[in-house]
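need the 3D shape of this:
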Amino acid sequence: MEVLRVQAVAALSSTQNDIPEEFIMSEHSRPSSTTFTGPTPDLPVIDLANPDRASVTSAIAEASREWGIFQVVNHGVPEELIKRLQLVGNDFFKLPIEEKEVYAANPSSGSLEGYGTQFDKDLEGKKSWVDFLFHIVWPQSRVNYKVWPQNPASYREVNEEYTKCMLPLVDEMFSNLSIGLGLEKGALKEAAGGDEMKYLMKINYYPPCPRPDLALGITPHTDMSTLTIILPDQVPGLQVSKDEHWIDVKYVPNALIVHIGDQIEIMSNGVYKSMLHRTTVNKEKARLSWPLFVEPPEEKEIGPLPQLITGEKPAKYKCKKFKDYQYCKINKLPQ
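Model (predicted):
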């Protein structure tokens, strides 16, 4: 069945200065009426090059408790590599749609890897204003290069180089988060599957939208992952829910955004928060983002770490295989 991509919808809508009804959010969800315009605190920005390692650990733990999201600078990913990753992503989405369709995702096969359009709708049946490219980047034994674009020619090289930078950064995040809970530095990573964890790269492409006051790039959600590390571009759009307000995340040059995902909230027994977030769209410019999702193996059972359970702090979450958690969340079933 042919799927009408949002990029094509955007091209048609731009001539009419209107968008289809299924993309128009309900009044209580529209960014024009729900974005907080008063003074707001900025997301914590943490310098990973700070020689005071205890201070870095404390800042990461505090941000994960209070926000569930923070930005990191001096993270070890070269600025030149970031620019190359953004360039190949932009170049892919500039290709004719029929060329991108060669890599189309086939959800009926049980996989969302490839080029596609956000299939999930919100509870009111509204669609997100976004197309994507999605594929596993690690471990190499799980990589399906058939869904990796051959054009641009350097796509594979750049993504593999970026992934190599992500592996030690993710380890650093897990170590600091574990120590912040009073545990051994390897506790959270081991509980999440250790070296068997899966890394998935997604490029979100939000075309220009003639009615950004009415649409959302992605509707409110938390991530199913352990961690999500996002490379943004300079076009603003990420919003987080803080103190019952939707607030904009300010762009910090060369920073990466770290999200706490559902699985770390579960493993920490609620000490660390999985951040509710959404994205807005822009009338004049396309926006892209590169979230990297770090997930447990499908068969791995995830629950609160026993070291964190006491009589005063009983378990807040059930133990569940990650694949079962995914199924419940995707199908909006009780957890």
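
show me where the stretch 101-250 of the chain has strands.
Remark: strands assigned in the stretch 101-250 of the chain by DSSP state E, counting those that start in this stretch are 114-117, 131-138, 198-206, 218-221, 227-232, 238-242, 245-248.

adding distance to Glu99, mean neighbour count and mean pLDDT, write those strands out as TSV.
No exception for glycine: its C-beta is placed from N, CA and C like everyone else's. Formatted as TSV, those follow (distance: least, CB to CB, whole Å; neighbours: other CB atoms under 10 Å; pLDDT from 0 to 100):
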stretch	distance to Glu99	mean neighbour count	mean pLDDT
strand 114-117	10	22	94
strand 131-138	12	22	97
strand 198-206	14	22	97
strand 218-221	25	19	94
strand 227-232	24	23	98
strand 238-242	29	21	94
strand 245-248	34	18	92
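
make TSV out of those and add distance to Arg156.
Converted to TSV, the strands of the stretch 101-250 of the chain look like this (distance: least, CB to CB, whole Å):
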stretch	distance to Arg156
strand 114-117	15
strand 131-138	10
strand 198-206	11
strand 218-221	26
strand 227-232	17
strand 238-242	27
strand 245-248	34
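
what's the closest of the ones you listed to Lys83?
Among the strands of the stretch 101-250 of the chain, the nearest to Lys83 by CB to CB is strand 227-232 (10.6 Å).

run the angle between the closest one and strand 198-206 for me.
30 degrees (axes from the mean of the first three to the mean of the last three CA atoms, to 10 degrees).

need the residues that contact strand 227-232.
Outside strand 227-232, the residues that touch it by CB atoms under 8 Å, 6 or more residues apart in numbering are 82, 85-86, 166, 169-170, 173-174, 238, 249, 251, 256-261, 264, 289-294.

what residues are up against Glu66?
By CB under 8 Å, 6+ apart, Glu66 lies in contact with Lys273.

buried among the contacts of strand 227-232? Need that as a selection in ChimeraX.
Buried members of those, defined by 16 or more other CB atoms under 10 Å, are picked up in ChimeraX with:
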select :82,85,86,166,169,170,173,174,238,249,256,257,258,259,260,261,264,289,290,291,292,293,294
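
how about low-confidence regions in the stretch 1-150 of the chain?
The stretch 1-150 of the chain contains residues with pLDDT under 70 at 1-2, 14-16, 119-124.

follow-up on the earlier one: give me the subset of the contacts of strand 227-232 lying in helices.
Cross-referencing the contacts of strand 227-232 against helices under DSSP state H gives 82, 85-86, 166, 169-170, 173-174, 264.

closest to Glu62 out of the strands of the stretch 101-250 of the chain?
strand 238-242 (14.4 Å).

looking at the strands of the stretch 101-250 of the chain, which is closest to Gly76?
Gly76 lies closest to strand 227-232 among the strands of the stretch 101-250 of the chain, at 11.9 Å (CB to CB).

in the chain, which spans are helices?
Under the criterion DSSP H, the chain contains helices at 6-14, 31-34, 53-66, 79-93, 97-100, 155-180, 187-191, 262-267, 322-330.

tell me the spacing between the residue lying closest to Asp195 once chain neighbours are set aside and Cys319.
Computed as CB to CB, 6 or more residues apart in numbering, the closest residue to Asp195 that is not its neighbour in sequence is Pro139, at 7.4 Å. In this view, Pro139 and Cys319 are 24 Å apart by CB to CB, to the nearest Å.

list just the nearest of the ones in helices among the contacts of strand 227-232 to Lys94.
Nearest to Lys94 among the ones in helices among the contacts of strand 227-232, counting by CB to CB, is Gln86 at 12.5 Å.

apart from its neighbours in sequence, what residue is nearest the closest one?
If you skip the residues right next to it in sequence, Gln86 has Asp233 as its closest partner in space, 6.2 Å away by CB to CB, 6+ apart.

can you tell me how far that neighbour sits from Asn204?
Counting by CB to CB - Asp233 and Asn204 are separated by 10 Å.

now for these two: what residues contact both?
Common contact partners of Asp233 and Asn204 (CB under 8 Å, 6+ apart): 288-289.

neighbours of Ser274, how many?
25 (other CB atoms under 10 Å).

what residues are up against it?
Listed by CB under 8 Å, 6+ apart, the contact set of Ser274 reads 68, 222-223, 259-262, 264-265.

give me the pLDDT for it.
Note on Ser274: pLDDT of 97.

and for the one 3 residues further on?
According to the model's per-residue confidence, His277 sits at a pLDDT of 96.

what pairs with it across the strands?
Under DSSP bridges, the beta-bridge partners of His277 are His221, Val240.

you'd agree it is up against Lys242?
No. Taking contacts as CB atoms under 8 Å, His277 lies outside contact range of Lys242: 10.0 Å.

contacting residues for the residue nearest to Gln86?
86, 287-289.

10 Å - rerun?
For Asp233, the contacting residues are 82, 86, 89-90, 251, 285-290, by CB atoms under 10 Å, 6 or more residues apart in numbering.
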